[in-house]
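Q: kindly return the folded structure for what I paste below:
(one chain, ligands or ions: 1)
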Amino acid sequence: MKSKFDEPYCPLCNSKDLTLFCEDKNRIYLRCLYCKLVFVHKCYWLSPKDEKTVYDLHENNAQDQGYRQFLSRLSVPLLEKLDSKQKGLDFGCGPGPTLSAILEEQGQQVDLYDPIYYNDPSVFYKNYDFICATEVVEHLHDPDREFAALFKMLRTDGWLGIMTKLVTNKQAFSQWHYIRDMTHICFYSQSTFEYLAQRFNAELNFIANDVILLNKKGMGAFLNKDYFLTT
Ligand SMILES: [Zn+2]
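A: As a prediction, the model looks like this:
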(Lines give C-alpha, C1' and ligand atoms only; values in the text may rest on other atoms or scores of the structure.)
Protein backbone atom coordinates (compact mmCIF):
# COMPACT_ATOMS: atom_id res chain seq x y z
CA MET A 1 0.00 0.00 0.00
CA LYS A 2 1.26 3.43 -0.85
CA SER A 3 1.78 5.61 2.20
CA LYS A 4 1.87 9.38 2.17
CA PHE A 5 5.59 9.13 2.93
CA ASP A 6 6.28 7.63 -0.48
CA GLU A 7 5.80 11.11 -1.82
CA PRO A 8 8.82 13.26 -1.08
CA TYR A 9 8.29 16.02 1.42
CA CYS A 10 10.53 18.58 3.06
CA PRO A 11 12.18 17.09 6.18
CA LEU A 12 12.25 20.51 7.84
CA CYS A 13 8.81 22.05 7.25
CA ASN A 14 6.97 19.02 5.77
CA SER A 15 5.87 20.93 2.68
CA LYS A 16 5.35 18.89 -0.48
CA ASP A 17 5.96 21.90 -2.69
CA LEU A 18 9.35 20.83 -3.98
CA THR A 19 11.38 21.55 -7.04
CA LEU A 20 14.33 19.79 -8.64
CA PHE A 21 17.33 21.92 -7.68
CA CYS A 22 20.31 19.96 -8.96
CA GLU A 23 21.33 16.53 -10.17
CA ASP A 24 24.82 15.08 -10.29
CA LYS A 25 26.21 11.61 -10.94
CA ASN A 26 25.51 10.58 -7.34
CA ARG A 27 22.26 12.16 -6.23
CA ILE A 28 19.21 14.28 -6.98
CA TYR A 29 18.78 17.39 -4.83
CA LEU A 30 15.31 18.77 -4.15
CA ARG A 31 14.51 22.24 -2.91
CA CYS A 32 11.56 23.11 -0.70
CA LEU A 33 9.69 26.09 -2.08
CA TYR A 34 8.57 27.07 1.41
CA CYS A 35 11.64 26.97 3.71
CA LYS A 36 14.19 26.75 0.87
CA LEU A 37 15.95 23.73 2.34
CA VAL A 38 17.83 21.72 -0.29
CA PHE A 39 17.91 18.03 0.57
CA VAL A 40 18.26 14.53 -0.82
CA HIS A 41 15.57 11.87 -0.57
CA LYS A 42 16.27 9.21 2.03
CA CYS A 43 16.96 6.68 -0.72
CA TYR A 44 20.36 8.41 -0.88
CA TRP A 45 21.14 8.16 2.82
CA LEU A 46 24.13 6.00 3.72
CA SER A 47 23.58 3.09 6.10
CA PRO A 48 24.41 3.88 9.75
CA LYS A 49 27.50 1.67 9.41
CA ASP A 50 28.74 3.52 6.32
CA GLU A 51 27.98 6.89 7.94
CA LYS A 52 30.09 5.95 10.96
CA THR A 53 32.95 4.89 8.69
CA VAL A 54 32.98 8.42 7.22
CA TYR A 55 32.68 10.11 10.63
CA ASP A 56 35.56 8.01 12.00
CA LEU A 57 37.76 9.63 9.34
CA HIS A 58 37.16 13.07 10.87
CA GLU A 59 40.26 13.02 13.01
CA ASN A 60 39.49 16.16 14.96
CA ASN A 61 40.77 16.56 18.49
CA ALA A 62 41.21 19.28 21.08
CA GLN A 63 44.99 19.50 20.47
CA ASP A 64 44.60 20.30 16.77
CA GLN A 65 45.40 24.03 16.46
CA GLY A 66 43.97 24.31 12.94
CA TYR A 67 40.67 22.85 14.07
CA ARG A 68 40.61 25.10 17.14
CA GLN A 69 41.16 28.09 14.84
CA PHE A 70 38.27 26.95 12.64
CA LEU A 71 35.97 26.62 15.66
CA SER A 72 37.04 30.01 17.07
CA ARG A 73 34.93 31.58 14.34
CA LEU A 74 31.93 30.42 16.38
CA SER A 75 33.38 30.32 19.90
CA VAL A 76 34.62 33.95 19.90
CA PRO A 77 31.30 35.61 18.92
CA LEU A 78 29.36 33.16 21.11
CA LEU A 79 31.49 33.86 24.19
CA GLU A 80 30.86 37.60 23.68
CA LYS A 81 27.16 36.86 24.23
CA LEU A 82 27.56 34.67 27.32
CA ASP A 83 28.02 35.42 30.98
CA SER A 84 30.59 33.30 32.78
CA LYS A 85 29.80 29.82 34.04
CA GLN A 86 26.80 29.23 31.84
CA LYS A 87 25.62 25.78 30.92
CA GLY A 88 25.81 24.59 27.35
CA LEU A 89 25.56 21.58 25.09
CA ASP A 90 27.88 20.59 22.24
CA PHE A 91 25.30 18.84 20.05
CA GLY A 92 26.82 16.41 17.56
CA CYS A 93 30.27 16.82 19.07
CA GLY A 94 31.77 13.91 17.12
CA PRO A 95 34.57 11.59 18.25
CA GLY A 96 36.98 14.33 19.47
CA PRO A 97 35.00 17.05 21.26
CA THR A 98 36.93 20.28 20.79
CA LEU A 99 34.50 23.20 20.90
CA SER A 100 33.41 22.06 24.37
CA ALA A 101 37.07 22.07 25.49
CA ILE A 102 37.57 25.60 24.12
CA LEU A 103 34.45 26.88 25.88
CA GLU A 104 35.28 25.12 29.16
CA GLU A 105 38.74 26.74 29.13
CA GLN A 106 36.80 30.02 29.15
CA GLY A 107 34.78 29.05 32.22
CA GLN A 108 31.66 27.60 30.59
CA GLN A 109 30.22 24.22 31.50
CA VAL A 110 29.46 22.04 28.49
CA ASP A 111 27.63 18.72 28.15
CA LEU A 112 28.30 16.48 25.17
CA TYR A 113 25.86 14.74 22.89
CA ASP A 114 26.45 12.76 19.76
CA PRO A 115 24.19 9.94 18.49
CA ILE A 116 27.24 7.80 17.68
CA TYR A 117 30.05 8.80 20.05
CA TYR A 118 28.33 10.32 23.12
CA ASN A 119 24.82 8.93 23.04
CA ASP A 120 23.49 10.30 26.31
CA PRO A 121 19.76 10.93 25.80
CA SER A 122 19.47 12.50 29.28
CA VAL A 123 20.56 15.80 27.70
CA PHE A 124 17.15 16.07 26.03
CA TYR A 125 15.56 16.49 29.48
CA LYS A 126 17.84 19.36 30.47
CA ASN A 127 17.81 23.08 29.75
CA TYR A 128 20.75 25.00 28.41
CA ASP A 129 21.89 28.62 28.20
CA PHE A 130 23.56 27.83 24.90
CA ILE A 131 23.79 24.99 22.40
CA CYS A 132 26.38 24.59 19.65
CA ALA A 133 26.06 22.49 16.53
CA THR A 134 29.15 22.80 14.36
CA GLU A 135 29.19 20.95 11.05
CA VAL A 136 26.15 18.98 12.25
CA VAL A 137 22.90 20.24 10.76
CA GLU A 138 23.86 19.18 7.22
CA HIS A 139 23.86 15.56 8.50
CA LEU A 140 20.40 15.54 10.12
CA HIS A 141 17.91 12.92 8.93
CA ASP A 142 14.99 14.66 10.62
CA PRO A 143 15.78 18.40 10.95
CA ASP A 144 12.12 19.14 11.79
CA ARG A 145 12.32 17.04 14.95
CA GLU A 146 15.94 17.89 15.78
CA PHE A 147 15.53 21.68 15.59
CA ALA A 148 12.35 21.44 17.68
CA ALA A 149 14.34 19.46 20.29
CA LEU A 150 17.19 21.99 20.28
CA PHE A 151 14.88 24.97 20.79
CA LYS A 152 12.99 23.07 23.50
CA MET A 153 16.24 22.48 25.43
CA LEU A 154 17.29 26.11 25.01
CA ARG A 155 16.29 28.56 27.74
CA THR A 156 14.54 31.78 26.79
CA ASP A 157 17.25 34.28 25.82
CA GLY A 158 19.60 31.35 25.20
CA TRP A 159 21.87 31.09 22.16
CA LEU A 160 22.01 28.45 19.44
CA GLY A 161 25.30 28.62 17.55
CA ILE A 162 25.53 26.84 14.22
CA MET A 163 28.27 26.32 11.69
CA THR A 164 27.19 25.00 8.30
CA LYS A 165 28.03 26.15 4.80
CA LEU A 166 25.15 27.92 3.08
CA VAL A 167 23.59 27.37 -0.32
CA THR A 168 23.92 30.41 -2.56
CA ASN A 169 22.79 29.54 -6.09
CA LYS A 170 22.39 26.56 -8.45
CA GLN A 171 25.57 27.25 -10.36
CA ALA A 172 27.75 27.35 -7.25
CA PHE A 173 25.87 24.40 -5.74
CA SER A 174 26.54 22.10 -8.68
CA GLN A 175 30.30 22.63 -8.29
CA TRP A 176 30.36 22.66 -4.51
CA HIS A 177 32.76 20.34 -2.62
CA TYR A 178 30.20 20.23 0.20
CA ILE A 179 27.79 18.04 -1.79
CA ARG A 180 30.49 15.44 -2.53
CA ASP A 181 30.30 14.23 1.08
CA MET A 182 27.55 11.58 0.99
CA THR A 183 26.80 12.16 4.69
CA HIS A 184 25.69 15.72 3.83
CA ILE A 185 21.97 15.40 3.17
CA CYS A 186 20.50 18.83 4.10
CA PHE A 187 21.73 22.16 2.77
CA TYR A 188 20.53 25.44 4.23
CA SER A 189 20.38 28.92 2.80
CA GLN A 190 19.91 32.27 4.53
CA SER A 191 16.17 31.93 3.78
CA THR A 192 16.07 28.58 5.60
CA PHE A 193 17.50 30.22 8.71
CA GLU A 194 14.95 33.03 8.36
CA TYR A 195 12.26 30.33 8.37
CA LEU A 196 13.77 28.73 11.51
CA ALA A 197 14.05 32.07 13.28
CA GLN A 198 10.42 32.86 12.58
CA ARG A 199 9.16 29.39 13.48
CA PHE A 200 10.97 29.30 16.82
CA ASN A 201 10.73 33.01 17.55
CA ALA A 202 14.44 33.65 17.59
CA GLU A 203 16.56 36.61 16.57
CA LEU A 204 18.83 35.69 13.71
CA ASN A 205 22.46 36.83 13.40
CA PHE A 206 24.66 35.91 10.46
CA ILE A 207 28.15 36.24 11.92
CA ALA A 208 29.98 34.93 8.84
CA ASN A 209 29.07 33.01 5.68
CA ASP A 210 28.86 29.78 7.66
CA VAL A 211 28.40 30.99 11.25
CA ILE A 212 24.90 31.65 12.54
CA LEU A 213 23.71 32.65 16.01
CA LEU A 214 20.04 32.38 16.97
CA ASN A 215 18.81 34.03 20.15
CA LYS A 216 15.63 32.45 21.51
CA LYS A 217 13.04 35.01 22.48
CA GLY A 218 10.38 34.84 25.18
CA MET A 219 6.59 34.78 24.91
CA GLY A 220 5.37 33.19 21.74
CA ALA A 221 8.47 31.07 21.35
CA PHE A 222 8.06 27.61 19.94
CA LEU A 223 5.21 28.44 17.61
CA ASN A 224 3.37 25.43 16.39
CA LYS A 225 4.45 24.97 12.80
CA ASP A 226 0.92 24.22 11.62
CA TYR A 227 -0.14 27.53 13.05
CA PHE A 228 2.81 29.15 11.32
CA LEU A 229 1.94 27.62 7.96
CA THR A 230 -1.60 28.95 8.02
CA THR A 231 -0.78 32.53 8.97
ZN1 LIG B 1 10.62 23.07 3.75
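
Q: what about Ala202, how many neighbours?
A: With neighbours defined by other C-beta atoms under 10 Å, the count for Ala202 comes to 22. (Glycine included, C-beta is placed from N, CA and C.)

Q: and it, what are its bridge partners?
A: Beta-bridge partners recorded for Ala202 (DSSP bridges): Lys216.

Q: does it touch Leu214 like I think?
A: Yes - between Ala202 and Leu214 there is a contact at 4.1 Å, judged by C-beta atoms under 8 Å.

Q: buried set for stretch 173-193?
A: 173, 176, 179, 184-189, 192-193 (16 or more other C-beta atoms under 10 Å).

Q: next: stretch 81-94.
A: 81-82, 86, 88-94.

Q: just confirm Glu51 is within a strand.
A: No - using DSSP: H, G, I helix; E, B strand; the rest coil, the secondary structure at Glu51 is helix, not a strand.

Q: where does the residue lying closest to it once chain neighbours are set aside fall, helix, sheet strand or coil?
A: Sequence neighbours aside, Thr183 is the residue nearest to Glu51 in space, at 5.5 Å (criterion: C-beta to C-beta, 6 or more residues apart in numbering). Judged by three-state DSSP, the three-state class of Thr183 is coil.

Q: next one: Thr183 from Leu140, what distance?
A: 11 Å (C-beta to C-beta, to the nearest Å).

Q: please report how far the most centrally placed residue in the chain lies from the ion.
A: In the chain, the centroid-proximal residue (C-alpha atoms, centre = their mean) is Val137; its distance is 2.4 Å. Per C-beta to the ion, to the nearest Å, Val137 is found 14 Å from the ion.
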